[in-house]
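**Student:** When you get a sec, could you give me coordinates for this:
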Amino acid sequence: MESFLKAQGFKGATLRTQLERIGLGEEDSASQPAPASSGRKAGAAQSAFGLGSDSRLFEADLAWHVRAWGWWVLQRARADLERFYPTIDGKPAVAYLWARTVKCKNCRATMPLLKTKWLCKKDNKRVLLKVELNADKTGPVFSILSGDDATTQGGNGAQRREYDKKLGAGTMSRAGATCVCCGLPSMKMEDIRLEGKAGRLGAVMTAVVVDGPGGKEYRLPTEHEIRIAAEAEIEVERVFADIPLGIPSEPTPKGGSGAARAFSVDGFGFDRWSKLFTPRQLLALGTFVKHIRTACDSMSGYSTDWQAAQAAYLASALDRLLDHASSLATWYLPGENVKHTFVRYALPITWDFAESNTIFSGGASWSSAITLLPAALDHTLDATSGAPGPSVFQSSATAQAWEKTFDLVFTDPPYYDAIPYAGLMDFFYVWLRRTLNGIWPEGVTAFGEQLGPKWNSETNDGELIDDSSRFGGDKKASKAAYEEGMFRAFQTCDYALVPGGRMVVVFANKSPDAWETLVSAVIRAGFVVNGSWPIQTENATRSRARASAALASSVWLVCRKRPEAARPGWDNRVLDEMRENIYSQLREFWDAGIRGPDFVWAATGPAMEAYSKHPVVKKANEPGATMEVSEFLRAVRRIVVDFVVGRVLTHNGDATVTSGLDDVTTYYLLHRHDFGLDDAPIGACILYAISCGLSDHDLADRYEILQRTGGQAEPDEDEEPTAEADTEVEEGTGSKVRLRPWNRRIRKSMGYDGDAGANAGAGKPAPLIDQVHRLMHLWRAGDLIRVDEYLDARGLRRNALFHQLLQALIELAPAATEERSLLESISNHIAARPASAEERQTDMFRAKAEGG
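**Tutor:** Numbers count the residues shown, from 1 in each chain. Model prediction:
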């Protein structure tokens with residue numbers, strides 16, 4: 001406490017007086033750096049520091065000290081930085097909005113690279129950025145529209161969305177950028193990439209968001225604000241001159257395939273960490289680092305452990321600020337706030353970005369960081385009060401350090417090639433090196449290298465992810481290293497468990513390859529998977545996502561050690577046992593409301609027990625051959641898919657009705673049930689396609705069931721969810737697909753045998769869903785004669801599966817839509833004219849012949 005008061009400016013008699021007012025002498029304060037105040041002491045302290053009547057505010061625990069020192073840092077940083085964040089007309093800036101720029105290769109004008117021109121888009125508040133050409137035609141000038149100038153137009157919701165989309169359309173698309181001067185799409189993405197690598201990407205301030213009496217307000221930047229932002233660059237070198245290691249100039253990760261696909265910034269010239277920040281952001285962050293270090297130097301009266309804790313938490317607050325203070329952070333339209341850099345586990349390039357006011361009293365600022373972090377610490381301290389202290393050890397996951405020691409091993413392993421954790425960590429690592437260098441006792445060891453540890457080829461150890469860039473681009477070597485590393489890690493878990501112990505593995509990846517790799521490693525390491533629990537651990541932002549097929553759950557696999565005397569199994573017996581075990585679990589999960597990909601994976605545990613209790617499963621009809629995990633999982637997935645589709649068709653889960661259903665129609669029903677006609681994540685669709693014996697490419701290109709709709713890994717949060725509608729959607733590429741509506745499936749040969757694109761075999765039966773969609777086109781055209789001819793030629797009137805499919809599609813189609821109306825009309829038409837006597841007699845004779 002004495003150290004804190006000294007840092008506040010108290011000294012001599014004044015210092016002694018303050019210590020006495022809170023019931024401490026100088027000796028007491030030095031020997032007890034973190035006393036818990038109560039009663040008279042707390043009351044005196046409240047008076048001394050103006051903390052109000054709530055005694056909890058002055059309980060001098062760790063959270064209180066972090067909060068107090070964080071405030072101390074803020075006051076000094078504000079004094080240094082306030083001229084770089086000017087308050088104009090009494091309204092402080094919340095954020096400065098920017099757009100990157102590039103020279104048009106056609107007319108050489110400066111082009112702003114804008115993803116959207118919307119600044120705010122709410123029902124009751126709409127603000128739009130207007131971009132025009134300046135007088136000498138060398139670049140843009142901006143103005144801001146609001147009120148009637150930004151009012152939506154159009155009739156229904158789809159028309160209004162289309163109008164808003166055109167009104168707010170930026171200059172950027174997936175293909176490249178359109179010039180505001182010559183009006184041409186003159187800069188392809190590769191052109192912009194080359195300009196970036198040559199250091200010729202700039203940035204222009206487009207708008208300033210200020211805190212007004214009625215909320216956020218938007219205005220153009222003043223000349224002073226533009227000038228002061230540029231002047232910040234002059235001060236950067238001065239601030240970092242006193243900080244160890246100087247400006248963060250370490251290299252950013254290289255983009256590539258596998259896990260490295262998360263990094264695109266390097267490809268646009270942002271090859272040093274410092275380049276991901278504006279000059280003012282660098283100046284502000286350097287200033288906070290400087291004052292954090294000064295604060296730590298002022299804590300000489302604290303014990304060594306407390307100094308380390310204070311330093312670590314202040315550095316963590318800086319991490320939180322960092323996440324909102326890079327030029328990769330964007331402006332979130334509905335919330336009118338700065339989104340953080342890591343909206344997802346990647347470092348993608350952003351074209352228009354938001355620069356937060358780091359010394360503002362709220363929002364994406366140090367003030368917010370130092371409020372939220374101690375609040376979390378308060379909760380942690382309360383939750384662990386009275387609990388025994390944990391033992392924390394750091395070692396490689398493959399190091400067998402403890403034999404038969406633990407009752408439970410709980411692990412959340414890396415997800416194949418999904419997330420390059422170590423590369424992403426460097427975003428924070430380079431700043432922590434500068435903050436804690438020479439201050440934190442473990443800092444020399446933890447931050448001794450230029451960047452965080454990745455993979456050590458000499459020891460064959462390191463971060464377990466599939467990233468071929470660490471193996472000279474050799475994808476096979478990267479995959480093999482990951483698989484072998486996972487096996488060794490699970491071996492270590494087996495080594496550490498007592499004989500009756502359990503291992504719980506958390507896995508949220510929905511890639512079939514990732515699952516096969518994980519399960520193979522678990523079984524090879526000597527475990528039996530005897531349970532799986534889907535637990536909602538992922539943050540779902542949309543109500544529909546929570547209610548249907550969002551990738552919202554992690555699957556927790558419960559494993560036990562396999563007896564050493566376990567014998568090999570036979571595939572036929574293993575499959576029979578799996579079928580006996582799985583159906584009751586499927587019904588339980590379904591009744592619990594689990595849907596979508598989560599449902600598919602939730603069934604994996606009960607099924608896997610039959611397979612994994614054997615060290616190897618042999619094929620009864622193929623001497624010397626074994627049943628691989630991938631083959632077994634395909635059988636499991638098909639059973640699960642048939643169960644779901646059986647529920648859709650009959651409501652009672654009769655999977656036998658799907659035995660005659662073709663794969664394409666099975667996929668269509670599965671997808672339509674879980675996602676409707678909305679955008680769906682490609683990962684889930686790949687899983688469904690594989691489960692049906694198809695591929696997503698076949699469904700999109702050969703059968704024209706799917707259409708690609710977007711290249712972003714997450715939906716734009718400023719856009720409304722797409723409704724079930726027969727609206728045309730722009731084709732795209734990437735991680736979003738949707739079912740192609742029936743009225744956009746217009747291939748003339750659709751629904752006729754032998755048609756499934758150019759690669760289909762002659763005479764191959766048309767998928768049943770294609771036949772339904774062909775009938776809908778014929779009915780819409782008013783050609784009842786051709787409708788009847790089609791029904792009779794294909795025997796659809798007497799096809800029970802066709803009737804079940806028709807009814808299921810009626811129930812899946814939204815009410816009062818053309819789709820539902822057509823389906824109901826066709827169903828009523830068939831009911832009014834059932835199969836003829838001749839057709840019924842033919843069926844009877846066929847049935848007798850088949851019965852012998």
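
**Student:** mind listing the helices in the stretch 1-150 of the chain by residue range?
**Tutor:** Taking DSSP state H, counting those that start in this stretch, the helices of the stretch 1-150 of the chain run over residues 2-7, 12-21, 26-31, 39-49, 62-81.

**Student:** should've said the stretch 451-600 of the chain
**Tutor:** In the stretch 451-600 of the chain, the segments counted as helices under DSSP H, counting those that start in this stretch are 475-496, 512-524, 543-547, 571-591, 596-602.

**Student:** Show me the least confident stretch of these, going by mean pLDDT.
**Tutor:** Lowest mean pLDDT within those: helix 543-547, at a mean of 34.

**Student:** Walk me through the domains of the chain.
**Tutor:** The record, using automatic domain parsing to delimit domains, assigns the chain the ranges 2-60, 93-382, 406-419+465-638, 662-716+727-740, 748-852.

**Student:** Buried deepest among the ones you listed, which one?
**Tutor:** Neighbour counts averaged per stretch over the domains of the chain are highest for domain 662-716+727-740, at a mean of 20; criterion: mean count of other C-beta atoms under 10 Å. Where you see a C-beta, it was placed from the backbone N, CA and C, and this is true even at glycine.

**Student:** From the chain's centre, how far out is that one? Work that out for me.
**Tutor:** The chain centroid and the centroid of domain 662-716+727-740 are separated by 19 Å, computed with C-alpha atoms, centre = their mean, to the nearest Å.

**Student:** Also stretch 374-382?
**Tutor:** Distance of stretch 374-382 from the chain centroid (C-alpha atoms, centre = their mean) equals 26 Å.

**Student:** pull the CA atoms of stretch 220-229 into CSV?
**Tutor:** Extracted C-alpha coordinates of stretch 220-229, given in CSV (Å, rounded to 0.1, in the frame of the first residue of the first chain):
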residue,chain,number,x,y,z
LEU,A,220,-16.1,14.7,-41.1
PRO,A,221,-12.6,15.1,-39.7
THR,A,222,-11.3,18.6,-39.3
GLU,A,223,-8.0,19.7,-40.8
HIS,A,224,-6.5,19.8,-37.3
GLU,A,225,-7.5,16.1,-36.7
ILE,A,226,-6.0,15.1,-40.0
ARG,A,227,-2.8,17.0,-39.2
ILE,A,228,-2.4,15.7,-35.6
ALA,A,229,-2.9,12.1,-36.8
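
**Student:** which outside residues touch that stretch?
**Tutor:** Residues outside stretch 220-229 that contact it (C-beta atoms under 8 Å, 6 or more residues apart in numbering) are 83-84, 86, 88, 93, 96, 142-144, 205-208, 278-280.

**Student:** Of these, which pair is most distant in space?
**Tutor:** Checked with C-beta to C-beta, those reach their widest spread between 83 and 143, with 27.5 Å between them.

**Student:** Can you list the low-confidence ranges for the stretch 401-550 of the chain?
**Tutor:** Counting by pLDDT under 70, the stretch 401-550 of the chain contains low-confidence residues at 510-511, 537-550.

**Student:** and residue 750, which of the three is it?
**Tutor:** The assignment at residue 750 comes out as coil when based on DSSP: H, G, I helix; E, B strand; the rest coil.

**Student:** what's the closest non-adjacent residue to it?
**Tutor:** Spatial nearest neighbour of residue 750, chain neighbours left out: residue 770 (5.2 Å); criterion: C-beta to C-beta, 6 or more residues apart in numbering.

**Student:** Next one: the one you found from residue 474, what distance?
**Tutor:** When C-beta to C-beta, to the nearest Å is applied, the distance between residue 770 and residue 474 equals 43 Å.

**Student:** Please name the bridge partners of the closest residue to residue 470 other than its chain neighbours.
**Tutor:** Setting aside the residues directly before and after it, residue 470 is nearest to residue 455 in space (C-beta to C-beta, 6+ apart), at 4.5 Å. Following DSSP bridges, residue 455 is listed with bridge partners residue 462.

**Student:** Could you pull up the contacting residues of residue 455?
**Tutor:** With contacts defined as C-beta under 8 Å, 6+ apart, the neighbours of residue 455 are 461, 462, 463, 467, 470, 481.

**Student:** circling back: of the domains of the chain, which is nearest residue 74?
**Tutor:** Closest of those to residue 74 is domain 93-382, at 5.4 Å (criterion: C-beta to C-beta).

**Student:** Let's have the domains of the chain in JSON lines, adding distance to residue 647.
**Tutor:** Converted to JSON lines, those look like this (distance: least, C-beta to C-beta, whole Å):
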{"stretch": "domain 2-60", "distance to residue 647": "53"}
{"stretch": "domain 93-382", "distance to residue 647": "31"}
{"stretch": "domain 406-419+465-638", "distance to residue 647": "7"}
{"stretch": "domain 662-716+727-740", "distance to residue 647": "8"}
{"stretch": "domain 748-852", "distance to residue 647": "10"}
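
**Student:** So for residue 389, which of those sits nearest?
**Tutor:** With C-beta to C-beta as the measure, domain 93-382 is the member of the domains of the chain nearest residue 389 (12.0 Å).

**Student:** Span of that closest one from start to end?
**Tutor:** In terms of C-alpha to C-alpha, to the nearest Å, the two terminal residues of domain 93-382 are separated by 36 Å.
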